[in-house]
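In: Could you work out the structure for the sequence below:
(2 chains)
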2 protein chains.
Amino acid sequence: MTTTWKLATRAEKMNPSVLREILKVTERPGIISLAGGLPSPKTFPIQAFADACAHVLHTDGQAALQYAASEGYGPLRQAVADMLPWNVDPAQVLITTGSQQGLDLVAKVLLDPGSRVLVETPTYLGALQAFAPMEPVPVSVASDDDGVVVDDLVAKAAGNASQEAARFVYLLPNFQNPTGRTMTEARRQAVSEAAAKAGLPIVEDNPYGELWFDQAPPLPLAARNPDGVIYLGSFSKVLAPGLRLGFLVAPKAIYPKLLQAKQAVDLHTPIFTQRMVSAVMKDNFLASHVPTIRALYKRQRDAMVAALRREMKGLDVQFNVPVGGMFLWARMPEGIDTVKLLPRAVERNVAFVPGAPFYAGPGDTRTMRLSFVTANVDEIDTAIAALAAAVREELAAQAKGQPAPALG
Amino acid sequence: MTTTWKLATRAEKMNPSVLREILKVTERPGIISLAGGLPSPKTFPIQAFADACAHVLHTDGQAALQYAASEGYGPLRQAVADMLPWNVDPAQVLITTGSQQGLDLVAKVLLDPGSRVLVETPTYLGALQAFAPMEPVPVSVASDDDGVVVDDLVAKAAGNASQEAARFVYLLPNFQNPTGRTMTEARRQAVSEAAAKAGLPIVEDNPYGELWFDQAPPLPLAARNPDGVIYLGSFSKVLAPGLRLGFLVAPKAIYPKLLQAKQAVDLHTPIFTQRMVSAVMKDNFLASHVPTIRALYKRQRDAMVAALRREMKGLDVQFNVPVGGMFLWARMPEGIDTVKLLPRAVERNVAFVPGAPFYAGPGDTRTMRLSFVTANVDEIDTAIAALAAAVREELAAQAKGQPAPALG
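Out: Prediction:
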């Protein structure tokens, strides 16, 4: 008899990520990728890490290689509490294996099958994927350039005779993935008050908050109502993603459950990398390092905006000018489906991410996410020119009734 | 209105680990702990890690700090395939954030609420904790000194009109945690054939397999029926646990689902530590390093066995002599409940883990797990003498009708 690998219901529903399949073809050599969310490796402080490794292993090697507490390394938890702009007790900080793990833990602790979880329109695809195994129902909340629309948030948060209140709303207020938009001060205040009034928990994800260009974004939602928000942060964008180091800050009412879930998934985040990052961050390293990342990304954002204005001239292309982060959101002319456009772009050696998969509900097929952090200024110029040529080619082909090519 | 943190059903069921609470008091300075499963830090190859860090950052720092593939680092997957004693395709190897994460992924992909999962009597507590969020029903399979009893395994695997077949059996054939027992060749063959015949999937956990003292254990179950087994391994016991590096080897039928679950939980295991370990393992490092660990642990096992024979003389104490690994399993005299014994032991500056929490069903309250790897020979002698004194004190108190002290 052959072994029967009967899948859990949740696993039967897992499908290979459309995005992942699409992006595979974009990894070909020679392609300029505006698709991935890879920080520029030029910003990685390699020498600082080398010094930190040597220091940690030399001064405290045995402890850095032993099992450690599930909560995380004490001095790193303290450093996290110290760097946040509200009063955080280090006992509320849980170090996670990337902030993606924070999403997994939140889902495990707060979501039952069928629970409604509110998300922005569109939202971070990785969050939808992290929540999915707990089989919730993601509900798209209307969103505009300033963030989620408060009236719709309140309407969808409420329970009624046929459905329970939403378990939480998942928000990315700063330089959102995928849209690059930032929630204004006024909207934050309104969202915070409305959520508190409705008793609606907030899960606030802030991986990009330090990557502002001209001025720091408004205070996080967590700072406004700490007992109503689980806040997720990351070292991936200010130091390096390859260490998979993130953190969450949770209200005391919910922290113990998140900790128990954490313990069950990987006992603890690697203590070696926690101590490395703790050592790197000594002497206020981030205060001098992060501005170099901001300056680089700002130059590249400027290049992308200029290239879009130049190359897309005459086309009905809309895009925003993000004030920080890694991504810009663009909407192609009527008739363009960015999934179908991608093969033409790849033929011209440029890749982007179609926008539709980022929507919990029906997606806007004209949208795309463009990253301005991985490619340099020259590559951005070349890539946007190629993208504009692909759009013009597609429009011309449509005018002649020719089908779009397949991705291959 | 106060924010309502409504918990998922699974989270409501999570309780602070009894064991964790008990072990907190054992962390006091001055206590010799035979409780934890901490590898001896003397065995950590600190210089090799320091060299590897410097090498990785110097030669390939940018890639070592960037996002990476969810499957794991190619050369490390190849090294895992190469070191296993059956024909493994590196494409079947998934690098995990400790083998604990392998248990989380397996549970996510294979367990629905109410699914029966078969476990040894007793079994690894961390596995029960990793499975618990998926709300299965753990079922204890009768076990003797050679491993699980085949007839009971077959009987409990089967489905019938009122219940589905068990989703899998979770087995630790080598130097099991907590009992230290090893499944014999004959039993492995019988279990493998019976499981294959019943179509019962096996999840084989082998963190300790390399820590044999006189001869290598029999071939893994996975080697006998690769399509019927998910195999979990770890670098924690042969290199260092603080890096949280493990792996799983999965049949091709199930690998893609495990990979998707992995991607959703933390995108990938830190690539920096993967490259570090890959660099350390070059030039067959483990072939010279692991024997030094075996020799140390064997000396300490010998010391513990000798001390138990010496100190427990005249008491009805049973214990096994593990042929590898980290743990020894002991059963105290009639009337001793090891949870109640612990405070007396802690008063005498020695700690152990009571055995009952390791049972999926009702536990044998006379049992305890003793680790012989963290404490050195002198400490083991002192600790076992203290433990014997605590047992004698408890028996004497019982004879006089005095209650046991509380843990404080």
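In: Once you drop chain neighbours, what's closest to A:Ala240?
Out: Excluding the flanking residues, the one nearest A:Ala240 by Cβ to Cβ, 6 or more residues apart in numbering or on different chains is B:Leu65, at 3.6 Å. (Glycine included, C-beta is placed from N, CA and C.)
In: give the contact list for that neighbour.
Out: Residues in contact with B:Leu65 (Cβ atoms under 8 Å, 6 or more residues apart in numbering or on different chains) are A:41, A:44, A:46, A:49, A:240-243, B:271-272.
In: for these, which one is nearest A:Lys400?
Out: A:Pro41 (42.5 Å; Cβ to Cβ).
In: show me what contacts that closest one?
Out: Residues counted as contacts of A:Pro41 (Cβ under 8 Å, 6+ apart) are B:62-63, B:65-66.
In: List phi and psi for it.
Out: With angles defined as degrees, to the nearest 10, A:Pro41 sits at phi -60, psi -20.
In: Check A:Thr96 too.
Out: phi -120, psi 160.
In: burial count for it?
Out: A:Thr96 has 28 neighbours, counted by other Cβ atoms under 10 Å in any protein chain shown.
In: Just grab the bridge partners of it for me.
Out: A:Gly246 (DSSP bridges).
In: Now for A:Asp152, how many residues are close by?
Out: 16.
In: Mind telling me what element it is part of?
Out: helix A:150-157 (DSSP states H and E).
In: For that helix, name the packing helices and strands.
Out: Here helix A:150-157 touches strand A:116-119, helix A:185-198, going by 3 or more Cβ pairs under 8 Å, 6 or more residues apart in numbering or on different chains; DSSP states H and E.
In: Out of these, which is the most enclosed?
Out: A comparison of the helices and strands packed on helix A:150-157 by mean neighbour count, using mean count of other Cβ atoms under 10 Å in any protein chain shown, puts strand A:116-119 on top with a mean of 23.
In: Mind telling me what element A:Arg310 is part of?
Out: helix A:285-311.
In: OK, contacts around the residue nearest to A:Pro133 when sequence neighbours are not counted?
Out: The spatial neighbour of A:Pro133 that comes closest, neighbours along the chain excluded (Cβ to Cβ, 6+ apart), is A:Arg10 at 4.8 Å. Contact analysis of A:Arg10 by Cβ under 8 Å, 6+ apart lists A:132-135, B:108, B:112.
In: Keep only those of those residues that are in helices.
Out: If you go by DSSP state H, the contacts of A:Arg10 have B:Lys108 in helices.
In: Domain ranges for chain A, per the record?
Out: Split into domains by automatic domain parsing, chain A comes to A:9-44+A:287-399, A:47-285.
In: which stretch in those has the least confidence?
Out: When those are compared on mean pLDDT, domain A:9-44+A:287-399 scores lowest, with a mean of 93.
In: and that one, how far out from the chain's middle?
Out: Domain A:9-44+A:287-399 has its C-alpha centroid displaced from the chain centroid by 15 Å (Cα atoms, centre = their mean, to the nearest Å).
In: cool, stretch A:395-408 as well?
Out: 33 Å.
In: Residues touching it, excluding its own?
Out: With contact meaning Cβ under 8 Å, 6+ apart, stretch A:395-408 is reached by A:22, A:25, A:315, A:333, A:335-337, A:340-344, A:346-347, A:394.
In: do that again at 10 Å, thanks
Out: For stretch A:395-408, the external contacting residues (Cβ atoms under 10 Å, 6 or more residues apart in numbering or on different chains) are A:21-22, A:24-26, A:315-316, A:332-337, A:339-347, A:393-394.
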